[in-house]
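*Asks:* Structure for the following, please:
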Amino acid sequence: KHELKITANTKAACLLPTLIMLNFHNVNKRNQHEAIRIILISADNFTLIFKEKQMFIIYRQTKQPKDTFTSEDAYRGPACAYAGVEPGQVYEDRKEAEVDAISDGEDVHIMGIMEHIEPAGIHSGDSHAVLPEFSLSSIVVSTMKEYAKRIAKRLEIRGLINIQFAVAENVLYVLEANPRASRTVPYVSKSTGVQLAKSAARIAVGESIETLRSEKLIPTADGGRRSGISVKEAVLPWNRFRRIDGQGVDSVLGPEMRSTGEVMGIASTFGASYAKSQIAAFGPLPTTGSVFISLTDRDKKAALESCRLLSQLGFTIYATSGTHNYLLEHGITTTMVRKHSEKSSDQALGGELSAVDVISQGLVQLVINTPKGSGTRHDGWLIRTAAVQRSLACITTIPGFKAAVAGIQALREDSLTVRSLQSWLA
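*Replies:* Numbers count the residues shown, from 1 in each chain. The predicted model follows:
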């Protein structure tokens, strides 16, 4: 019902996804219950379509605007690098990373590459950001640095810039470029020991990166003096969020930012750093007890090893029928419970206890629920709302699940130590 058309030239194309996202967010705030479509028509002959919190891209063989687009209009082309998505596909399954850099208009210094634990499609303000990157290939990292420097120079940045990327099978896509200070600046500064804000302020009044390097305010090589692994975690006070009717909001992460703050953990291993970030944000991860797990079909294979590790650590696993049957087929014992929408009299579905019951009655200490599709949407919302009401950690992505298991293992090994930030940067 609402359509926004923007014509732009090639020079500004790298900033268009950010502009469109901003307009989509504003329109969505005003018309929360209406279908929204935003179309971008550019000189590079591609169209971005935002619909129901998803982003699609269509390439057209004609530059004439059209009101509707079909698969016959789509073809692969180089413009996909601007949007970060393949034709007709949502970008939620891709890895995401972001770069903080500082530029004086001629020279560019890369301060840090942060790899997100959550996939692309989740707002960067709600994502875990790990510094340094932990799974990106050297080719991707070097290409990311090259793209960041080229974009900063082309935009004639004098100060800070934050650029976000999506990665799929060693193919890099630019999602957005923000020519300003990002919320990650204090996080990167604490992780690397470099005074980013001070450096950017001096560049803004005319000084050069070469001068700052000569004064050792920033290092000669990209990065800083980090000696540990840092994890940035978003603070998400779900129990304080309410809908108009008084009910709690869904804790599924998405493109809208929900966090009200951020914390940081730093340690010599990823697991320990992640565990520290959870202690600061929500409280410690459980080291014993029970876990409720309900996985969508596409996530079962990816989550199998994490489920096995939890079982080996001695956790009791409660699961709904589909997840229970899958894990049982792979040698993992679970206690089956029914979905809330299923009849309680049917013993084949898990007997009297429902997924909501085991959470609300305090039988579990951790909830893993990956949602997908409209058929299970209401059950998933009830599960996640029950977890919020019990102040339980509720993880809704497979990468987040894997990170949590790594954190639990670190806590079980009693590997957490306390050190001053200065000692990490010495």
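*Asks:* Can you pull out the low-pLDDT segments for the stretch 201-350 of the chain?
*Replies:* In the predicted model, the stretch 201-350 of the chain carries pLDDT under 70 at residues 238-251, 343-350.
*Asks:* what residues are up against Ser259?
*Replies:* Contacts for Ser259 (C-beta atoms under 8 Å, 6 or more residues apart in numbering) come out as Gly125, Asp126, Ala234, Val235, Leu236. (Glycine included, C-beta is placed from N, CA and C.)
*Asks:* Including secondary structure, could the residues you listed go into JSON lines?
*Replies:* Output for these, formatted as JSON lines (DSSP: H, G, I helix; E, B strand; the rest coil):
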{"residue": "Gly125", "secondary structure": "helix"}
{"residue": "Asp126", "secondary structure": "helix"}
{"residue": "Ala234", "secondary structure": "strand"}
{"residue": "Val235", "secondary structure": "strand"}
{"residue": "Leu236", "secondary structure": "coil"}
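*Asks:* Now the buried members of those.
*Replies:* Gly125, Asp126, Ala234, Leu236 (16 or more other C-beta atoms under 10 Å).
*Asks:* Touching, the second one and Glu233? I think so.
*Replies:* Right, Asp126. No. Counting by C-beta atoms under 8 Å, Asp126 stays clear of Glu233, with 9.8 Å between them.
*Asks:* isn't there a strand covering Gln422?
*Replies:* No. Read with three-state DSSP, Gln422 is helix and lies in no strand.
*Asks:* wait, what's in contact with it?
*Replies:* Counting by C-beta under 8 Å, 6+ apart, Gln422 has no contacts.
*Asks:* can you give me the strands in the stretch 251-400 of the chain?
*Replies:* For the stretch 251-400 of the chain, the strands defined by DSSP state E, counting those that start in this stretch cover 261-267, 290-294, 316-319, 335-336, 366-369, 394-395.
*Asks:* what comes into contact with the third one?
*Replies:* Outside strand 316-319, the residues within contact range by C-beta under 8 Å, 6+ apart are 289-294, 307, 310-311, 327, 332-337, 355, 358, 363-364.
*Asks:* if we can go back for a sec, as CSV, the buried ones among the contacts of Ser259 with distance to Ala303 would be great.
*Replies:* Listed next are those as CSV, based on distance: C-beta to C-beta, whole Å:
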residue, distance to Ala303
Gly125, 25
Asp126, 21
Ala234, 22
Leu236, 22
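*Asks:* so which of the residues you listed comes closest to Asp379?
*Replies:* Leu236 (21.4 Å; C-beta to C-beta).
*Asks:* Next up, the contacts around that closest one.
*Replies:* Asp126, Ser251, Arg258, Ser259, Thr260, Ala281.
*Asks:* 10 Å - rerun?
*Replies:* Asp126, Ser251, Leu253, Met257, Arg258, Ser259, Thr260, Gly261, Ala281, Phe282, Val388, Cys394 (C-beta atoms under 10 Å, 6 or more residues apart in numbering).
*Asks:* Just the buried residues of these.
*Replies:* Asp126, Ser251, Leu253, Met257, Arg258, Ser259, Ala281, Phe282, Val388, Cys394.
*Asks:* Just the ones of these in helices?
*Replies:* Using DSSP state H, the subset of the buried ones among the contacts of Leu236 located in helices is Ala281, Val388.
*Asks:* residues shared between the contacts of Asp126 and Glu233?
*Replies:* Taking C-beta under 10 Å, 6+ apart as the contact rule, Asp126 and Glu233 both touch Ser259, Glu262.
*Asks:* correct me, but Gly283 touches Arg390?
*Replies:* No. With contacts counted by C-beta atoms under 10 Å, Gly283 stays clear of Arg390, the gap being 11.9 Å.
*Asks:* okay, those two: which has more neighbours?
*Replies:* Arg390 (16 against 11; other C-beta atoms under 10 Å).
*Asks:* What is the neighbour count of the nearest residue to the more buried one once chain neighbours are set aside?
*Replies:* Take Arg390 and drop its neighbours on the chain: the residue closest to it by C-beta to C-beta, 6 or more residues apart in numbering is Ile359, 6.0 Å away. Applying other C-beta under 10 Å, we find 26 residues neighbouring Ile359.
*Asks:* cool, and Gly331?
*Replies:* Around Gly331 there are 9 residues (other C-beta under 10 Å).
*Asks:* who touches it in this structure?
*Replies:* Leu304, Arg308, Ser311.
*Asks:* now that we're looking at the closest residue to the last one other than its chain neighbours, how far away is Glu169 from it?
*Replies:* Excluding the flanking residues, the one nearest Ser311 by C-beta to C-beta, 6+ apart is Ile332, at 5.2 Å. With distances defined as C-beta to C-beta, to the nearest Å, the gap from Ile332 to Glu169 amounts to 29 Å.
*Asks:* higher neighbour count, the two?
*Replies:* Ile332 (19 against 7).
*Asks:* Could you export the buried ones among the contacts of Leu236 to CSV, including columns for distance to Ala97?
*Replies:* Below are the buried ones among the contacts of Leu236 laid out as CSV (distance: C-beta to C-beta, whole Å):
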residue, distance to Ala97
Asp126, 15
Ser251, 24
Leu253, 17
Met257, 18
Arg258, 21
Ser259, 18
Ala281, 21
Phe282, 24
Val388, 29
Cys394, 25
